[in-house]
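Participant: Make a model of this:
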Amino acid sequence: MDYNPTTDANGDLNIMIGGTLATRVQAGAGDESAGYADGSYTGTYSVTPAY
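Facilitator: Have a look, this model is predicted:
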């Protein structure tokens, strides 16, 4: 898959980055005590492009 990034009218560029999130295994069906509740989770990380 080709990715041809372009800037918007403000000069901002969104860079698509893929990744894998490893989490705990849920103990049993519907047992949220050892897993995660349904919902949205967010976070941030820094990226320094080099080219």
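Participant: just so I have it, where are all the helices in the protein?
Facilitator: Ranges of helices in the chain, per DSSP state H: none exist.
Participant: Would you mind listing where it has pLDDT under the threshold?
Facilitator: Applying pLDDT under 70 to the chain picks out residues 1, 24-36.
Participant: which residues of it fall in strands?
Facilitator: Ranges of strands in the chain, per DSSP state E: none exist.
Participant: Could you pull up the residues touching Ala50?
Facilitator: Applying Cβ atoms under 8 Å, 6 or more residues apart in numbering, we find Ala50 in contact with no residue. The way it works is simple: take the backbone N, C-alpha and C, and place the C-beta from them, glycine included.
Participant: Make 25 the starting number, not 1.
Facilitator: I'll keep to 25 as the first residue from here, and by that count the last item is Ala74.
Participant: distance of it from Ala61?
Facilitator: 38 Å (Cβ to Cβ, to the nearest Å).
Participant: likewise Ile41?
Facilitator: With Cβ to Cβ as the criterion, Ile41 and Ala61 are 26 Å apart.
Participant: and if you look at Asp26?
Facilitator: From Asp26 over to Ala61 (counting by Cβ to Cβ), the distance is 38 Å.
Participant: Looking at the two, which one has more neighbours?
Facilitator: Ala61 (6 against 3; other Cβ atoms under 10 Å).
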